[in-house]
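Trainee: sequence isn't available, so here's the structure alone:
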């Protein structure tokens with residue numbers, strides 16, 4: 001590179017220097033215009049993170065079982081302090097009846113009524129018969145269960 005002092009044609013050197021300066025200015029101005037036209041865009045991003053802690057516990061268990069056989073005379077039926085009469089249909093003394101009942105509901109119906117002294121449940125028809133007087137005996141019936149005070 002020669003400095004302008006060493007330039008054999010000073011006018012040409014000045015012209016070239018000005019031309020280079022002009023080109024640099026144009027490039028700088030074009031860059032500034034381009035940068036000013038860029039739009040600022042904000043993108044909102046939501047990140048949801050779910051963390052699950054898992055704990056695994058292993059336990060060794062040794063169990064011993066003992067089986068015993070006992071004779072039981074208990075019945076799955078009970079109703080307060082009433083006596084349960086399996087396979088028994090108490091005849092007569094009906095003052096109320098209700099259909100679609102199982103044992104526990106028929107028992108509750110009798111216990112909740114002060115007039116009820118006994119009741120009979122007809123198992124196949126799910127009919128409950130409330131009685132006014134406790135009988136001495138009932139009639140044998142495999143499809144009926146009764147209770148009395």
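Mentor: Thanks, I have it. Bear in mind the structure is a predicted one, so any value in this text is a computation, not a measurement.

Trainee: in this protein, where's the longest helix?
Mentor: Ranked by residue count under DSSP state H, the longest helix found in the chain is helix 10-37.

Trainee: give the pairing partners of the strand or helix carrying residue 130; include direction for each.
Mentor: Assigned by DSSP states H and E, residue 130 belongs to strand 127-131. Strand 127-131 pairs in its sheet with strand 94-98 (antiparallel), strand 118-122 (antiparallel), by DSSP bridges.

Trainee: right, and the helix or strand after the first one?
Mentor: Sequence-wise, the next helix or strand beyond strand 94-98 is helix 103-111, with elements assigned using DSSP H and E.

Trainee: so what touches that next one?
Mentor: Residues outside helix 103-111 that contact it (Cβ atoms under 8 Å, 6 or more residues apart in numbering) are 77-80, 82, 98, 101, 116, 118-119, 121, 128, 130, 145, 147. Just so you know, the C-beta spots here come from the backbone N, C-alpha and C atoms, and that holds for glycine as well.

Trainee: that one vs strand 94-98, what angle?
Mentor: 140 degrees (axes from the mean of the first three to the mean of the last three Cα atoms, to 10 degrees).

Trainee: regarding residue 87, what is its secondary structure?
Mentor: Under the three-state scheme (DSSP: H, G, I helix; E, B strand; the rest coil), residue 87 adopts strand.

Trainee: not counting residues beside it along the chain, what's closest to it?
Mentor: In space, and not counting its chain neighbours, residue 87 is closest to residue 142: 5.3 Å by Cβ to Cβ, 6 or more residues apart in numbering.

Trainee: report pLDDT for the one you found.
Mentor: Note for residue 142: predicted pLDDT of 96.
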